[in-house]
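A.B. asks: Just to be clear, the model below is a prediction. Sequence and coordinates:
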Amino acid sequence: MRRSGFAGVWLAAVLAGTSLAAVPDARADGQFTLTSSDIPGGKIAETAVFNGFGCKGGNISPALAWSGAPAGTKSFALLVHDPDAPTGSGWWHWVLYNIPAGTSSLPAGAGDPQKSLLPAGAVQGRTDFGTPGYGGPCPPPGKPHHYYFRLYALKVAKLDLPADATAAFIGFNVRAQALGHAELLGLYGR
């Protein structure tokens with residue numbers, strides 16, 4: 001286990017007087033934006049919904065595009081989270097990092113590890129489904145859940161993380177290296 005890496009990041013943040021909880025919102029100036037044609041009007045398309053647990057979607061990760069990253073961006077990370085999941089900690093649906101800085105979009109289906117649609121060097125972390133790759137929404141029947149697609153602009157070209165790192169550990173490291181983020185909210189209910 002790589003505790004020294006975690007401790008080093010934490011110690012560096014403390015010594016620098018920074019808070020890991022506060023990642024600048026680069027959208028405040030209207031520059032850094034994240035969009036998707038597969039989340040029209042804020043509703044996640046059926047093609048992106050999970051196929052299992054009583055849901056019958058296509059489980060295809062939505063197409064995403066972004067622009068206006070902060071100066072100094074050396075890579076990107078994408079974290080997709082549902083804080084409404086009845087787990088006490090939400091549900092991680094997609095964890096993707098080491099996206100090269102020159103990238104400005106991901107095609108639909110890029111979250112499928114079998115399709116090889118990601119840019120070279122990008123890494124998919126393990127989600128709460130237990131495997132790397134995209135897993136779509138499938139909330140329990142009732143009120144719609146909120147799915148936050150957060151794209152982080154990072155000040156490092158690569159995060160050197162263990163292959164079995166949890167989504168929370170990856171998220172911690174992403175936020176520690178973030179220059180800012182853009183966010184897209186999608187809703188889905190059944």
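C.D. replies: Great, that's in hand.
A.B. asks: what helix or strand does the spatially most central residue of the chain sit in?
C.D. replies: For the chain, the residue nearest the mean C-alpha position is residue 79 (1.2 Å; Cα atoms, centre = their mean). In this structure, residue 79 is located in strand 75-82 according to DSSP states H and E.
A.B. asks: After that strand, which helix or strand is next? Please name it.
C.D. replies: Under the assignment DSSP H and E, the closest C-terminal helix or strand after strand 75-82 is strand 91-100.
A.B. asks: Would you mind pulling the contact partners of that next one?
C.D. replies: With Cβ atoms under 8 Å, 6 or more residues apart in numbering as the test, strand 91-100 has contacts from 61, 75-82, 85, 106, 111, 118-129, 132-137, 147, 158-159, 161, 167-168, 170-171, 174. All C-beta spots, glycine's among them, are computed from the backbone N, C-alpha and C.
A.B. asks: tell me which residues in that strand are buried?
C.D. replies: Buried positions in strand 91-100, judged by neighbour count with 16 or more other Cβ atoms under 10 Å: 91-99.
A.B. asks: Relative to residue 33, which of those is nearest.
C.D. replies: residue 99 (16.0 Å; Cβ to Cβ).
A.B. asks: Thought residue 168 was touching the residue nearest to the centre of the chain, still the case?
C.D. replies: No. Judged on Cβ atoms under 8 Å, residue 79 makes no contact with residue 168 at a distance of 10.2 Å.
A.B. asks: Could I get the full set of helices for the protein?
C.D. replies: Ranges of helices within the chain are 3-16, 167-176, based on DSSP state H.
A.B. asks: Determine the angle, from 0 to 180 degrees, between the last one and strand 91-100.
C.D. replies: Angular relation of helix 167-176 and strand 91-100 on a 0 to 180 degree scale: 50 degrees, by axes from the mean of the first three to the mean of the last three Cα atoms, to 10 degrees.
A.B. asks: can you give me the angle helix 167-176 makes with strand 75-82?
C.D. replies: Helix 167-176 and strand 75-82 are oriented at 130 degrees to each other (the same axes, to 10 degrees).
A.B. asks: by contact count, what packs against helix 167-176?
C.D. replies: Counting contacts by 3 or more Cβ pairs under 8 Å, 6 or more residues apart in numbering; DSSP states H and E, helix 167-176 is packed against helix 3-16, strand 75-82, strand 91-100, strand 145-154.
A.B. asks: The residue nearest to the centre of the chain: what's it in contact with?
C.D. replies: Taking Cβ under 8 Å, 6+ apart as the contact definition, residue 79 lies against 92, 94-96, 148, 150, 152, 167, 170-171, 174.
A.B. asks: and of the residues you listed, the nearest to residue 68?
C.D. replies: Proximity of those to residue 68 (Cβ to Cβ) peaks at residue 152, which lies at 13.7 Å.
A.B. asks: follow-up on the earlier one: which two of the contacts of residue 79 have the greatest separation?
C.D. replies: Across the contacts of residue 79 (Cβ to Cβ), the longest gap, 15.2 Å, separates 148 and 170.
A.B. asks: Between these two, which is the more surrounded one?
C.D. replies: Using other Cβ atoms under 10 Å as the criterion, residue 148 and residue 170 rank with residue 170 on top: 22 against 15.
A.B. asks: Brilliant, that's me finished.
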